[in-house]
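> Show me the folded form of this:
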Amino acid sequence: MTAVLDRARDVIDELLEDYLTEDERDTVERDLVAIAPKTKASPVPREWRQRIPMVFPRYASAPFAKRHEEFWEWENGIRVDSSPDPFVGIWPRGGAKSTSAEMACTDLGCSGSRIYCLYVRMTQDKADASVENVAALFESDEIAKHFPEHSRRKTGKFGNAKGWRRNRIWTAGGFAVDALGLDTASRGVKLENQRPDLIIFDDIDDLLDGPAATKKKIEIITKSILPAGSNNCAVLFIQNLIIRDGVASQLADGRADFLALRKVSGPFPAIENLKYEWRLDSKTGMRRAYITAGVATWSGQDLATCQRFIDTWGLSAFLKEAQHKVQGKSEGVCLNFDPARHYIDMSDEDVLALVPKSKVFGGVDFGSWRFGFTLWLVRKDTAVIRIDEYFSQDESLADRAQAIHEICEAAGIVDPSPRNCPLWGDSANPTDIREINLAFRRGWPELDEQGHETGKWITSKLRVVAVGAEGKLRKTAVDRMNNELDHNRLLFRRSVYAGLTWMYAMNAGSPGTEMTGSRFMWEIDNWAVPLPKEGEAQDQNPDDDTADGADMIASARYALMSWWAPAKEKPDPGVVPDDKARKFDVKKQKFIETPHLVDLLNEPARRRPAVRGVRPRIRPR
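Alright, predicted model coming up:
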């Protein structure tokens, strides 16, 4: 009878291929599976708590954790005609992520709930390895006992195995699994004549993925793989958080707009309330990190197991791989920004009400492909708030001058000028400063709401002044900004640039990768010190390449360091100062500060006193 059914499938494939739609072929395949005679098998319970340990005794030996229960409840609810919501599991490494996904794939195939699974991983080799693991599960003694038709390979009319190789398995019971790597999918997904009704994404993020790589993966997932699924396709996504802006992180925190009806399980750390301390090992004399407190979230990954992971992987890797410590600051990130502390909610009306009562200033960083402008407000309590920003790419200085003027006006600055809104720019670009100031002076035509010229010409009193040399000391800027962040005196308006886009890594040879949201906040999350080379001391200067040039941070650095100015020291009376870099007035007991470049530029010109009376003549002897 099995041979007859196999022959029926061959006839359908050969004779009706041009007459049946993909959905109709799926329906026929389901019907053939339903009418296929069942080899006498040992029955299994429908309730998953008994079935899973019975069918997979070597993999489900430890008690289920809360996250596993959520997962198997979802898996057990999948039926032939159901359309389940996607399941996104953010679980720790070593917490049975891939094992659960592979068992679920096998279980759904054996129960007949799904007939075609697409198993997707970061690379084709990894996807092939997962499908080989699934093949091993189908070939186990337990599957042969409880689902004998799925323990055998599907064969053609001449007895040859139709599908049982490294990247595909096809059981005699009619269930198929294909392996697909995202690196292969980038060249086009080919799913033959069948549409998968089960898609599993397993560990698709990579530690070295940047914004461009993540963007490319999302495009492949959303434009090639997900649309290829059947109408009732079940989607499983399983991953630990290893990078802050990866696909898993975006699905976990809500930034991803695909799989919108997803059920998110986690993030679950391996240890809740983990505490550790460094000690010297009594046997080896080596420095080790010891777990001192915490509760394991799964008995199969207890504290002793986690301690072995720390000893083997290293503490830093364990905190990322098993504890999901990627949502905070990554290693080497320079600025101590905390979204919970440093974001402030301000509406446009709030800004308009606050600006007339506050000091406002801005910073500019010049560049053809990347141009940054930040606008700041000083509250009465001396807290400095970033109230707006402007990131320009491949635009003229005239357009940029107009945009800065309009941003200042929109913020409520009446008749913007150096008096009510000083702007500091990069002193290394005197030509750019001169040209943008000329653009402010020349102006631009006024446009109405439809974009038509009104006949009125607008000029701006705004001017950019070169920043003082001390304002460009990179290390000093990092320390000062972090000090203000630590005291909650440097804040950021949350809604700035929300929904707007910019291009990452745009240059003459590449259009870049589209990114959404504040460019400045993205730079803060990525601006880091360079990784030290072996045998070399750590360089404390931030590496601008880590933040795609760090142009917005540069504009902030110029503005903030110029506004704050060097602090004036007041020595104790009678103490001889040892600072020889500045002059010291003994009578006034104070340092004489070196004048700031801005002070010199803003200082009114001195007029020579008029000479009264007759000017004496000097006669040559």
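> In contact with the closest residue to residue 447 other than its chain neighbours, which residues?
Spatial nearest neighbour of residue 447, chain neighbours left out: residue 453 (6.0 Å); criterion: C-beta to C-beta, 6 or more residues apart in numbering. C-betas here are computed from N, CA, C, even on glycine. By C-beta atoms under 8 Å, 6 or more residues apart in numbering, the residues touching residue 453 are 445, 446, 447.
> give me that answer again for 10 Å
444, 445, 446, 447 (C-beta atoms under 10 Å, 6 or more residues apart in numbering).
> just residue 106 next, same as before
Contacts of residue 106 by C-beta under 10 Å, 6+ apart are 55-56, 59, 117, 133-138, 140, 143, 147, 150, 169, 171, 175, 177.
> Just the ones in helices from the residues you listed, please.
55, 133, 134, 135, 136, 137, 138, 143 (DSSP state H).
> Go through these and name the one nearest residue 122.
residue 133 (15.6 Å; C-beta to C-beta).
> do you know how far that closest one is from residue 202?
Between residue 133 and residue 202 the distance is 10 Å, computed by C-beta to C-beta, to the nearest Å.
> Residue 385 now?
44 Å.
> Can you check the distance spanned by stretch 476-496, start to finish?
End-to-end distance for stretch 476-496: 27 Å, by C-alpha to C-alpha, to the nearest Å.
> For it, buried residues please.
By neighbour count on 16 or more other C-beta atoms under 10 Å, the buried set for stretch 476-496 is 477, 478, 480, 481, 484, 485, 489, 490, 491, 492, 493, 496.
> coming back round to it: may I see the PyMOL selection of the buried members of the contacts of residue 453?
To isolate the buried members of the contacts of residue 453 in PyMOL, using 16+ other C-beta under 10 Å:
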select buried, resi 444
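> quick one: least confident helix or strand in this structure?
Least confident helix or strand, the chain: strand 583-585 with a mean of 55, by mean pLDDT, DSSP states H and E.
> got the CA positions of stretch 279-294 in PDB?
C-alpha atoms of stretch 279-294 as PDB (Å, rounded to 0.1, in the frame of the first residue of the first chain):
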ATOM      1  CA  ARG A 279      39.200  35.400  43.400                       C
ATOM      2  CA  LEU A 280      42.500  33.600  43.100                       C
ATOM      3  CA  ASP A 281      42.100  29.900  42.600                       C
ATOM      4  CA  SER A 282      43.900  28.000  45.400                       C
ATOM      5  CA  LYS A 283      45.100  25.300  43.000                       C
ATOM      6  CA  THR A 284      46.200  27.200  39.900                       C
ATOM      7  CA  GLY A 285      46.800  30.600  41.400                       C
ATOM      8  CA  MET A 286      44.900  32.000  38.400                       C
ATOM      9  CA  ARG A 287      42.200  34.800  38.700                       C
ATOM     10  CA  ARG A 288      38.700  33.400  38.300                       C
ATOM     11  CA  ALA A 289      35.200  34.800  38.400                       C
ATOM     12  CA  TYR A 290      33.100  32.900  41.000                       C
ATOM     13  CA  ILE A 291      29.300  32.900  41.200                       C
ATOM     14  CA  THR A 292      28.400  34.100  44.700                       C
ATOM     15  CA  ALA A 293      24.600  34.400  44.400                       C
ATOM     16  CA  GLY A 294      21.700  33.900  42.000                       C
END
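> just the strands in the stretch 251-400 of the chain please.
263-265, 271-280, 287-296, 343-344, 359-365, 371-378, 384-392 (DSSP state E, counting those that start in this stretch).
> Give me the angle between the third one and strand 271-280.
If I follow you right, that is strand 287-296. 160 degrees (axes from the mean of the first three to the mean of the last three C-alpha atoms, to 10 degrees).
> List the buried residues of strand 287-296.
289, 291, 294, 296.
> In this structure the last one contacts residue 271, no?
Yes: with contact defined as C-beta atoms under 10 Å, residue 296 and residue 271 form a contacting pair (5.7 Å).
> Overlap of the contact sets of those two?
Common contact partners of residue 296 and residue 271 (C-beta under 10 Å, 6+ apart): 302, 303, 306.
> I'd say residue 247 and residue 237 touch.
Yes: using C-beta under 10 Å as the test, residue 247 is close enough to residue 237 to be in contact (8.1 Å).
> These two: which has the busier surroundings?
Using other C-beta atoms under 10 Å as the criterion, residue 247 and residue 237 rank with residue 237 on top: 27 against 23.
> That one belongs to a strand?
Yes: counting by DSSP: H, G, I helix; E, B strand; the rest coil, residue 237 falls inside a strand.
> Which positions within stretch 51-58 qualify as buried?
So for stretch 51-58, counting by 16+ other C-beta under 10 Å, buried means 51, 52, 53, 55, 56.
> now the second one, what's its secondary structure?
This means residue 52. Once three-state DSSP is applied, residue 52 turns out helix.
> wait, what's in contact with it?
44-45, 59-60, 64, 68, 72, 75-76, 100, 103-104, 107.
> Out of those residues, give me the one that has the most neighbours.
Going by other C-beta under 10 Å, residue 104 tops those with 27 neighbours.
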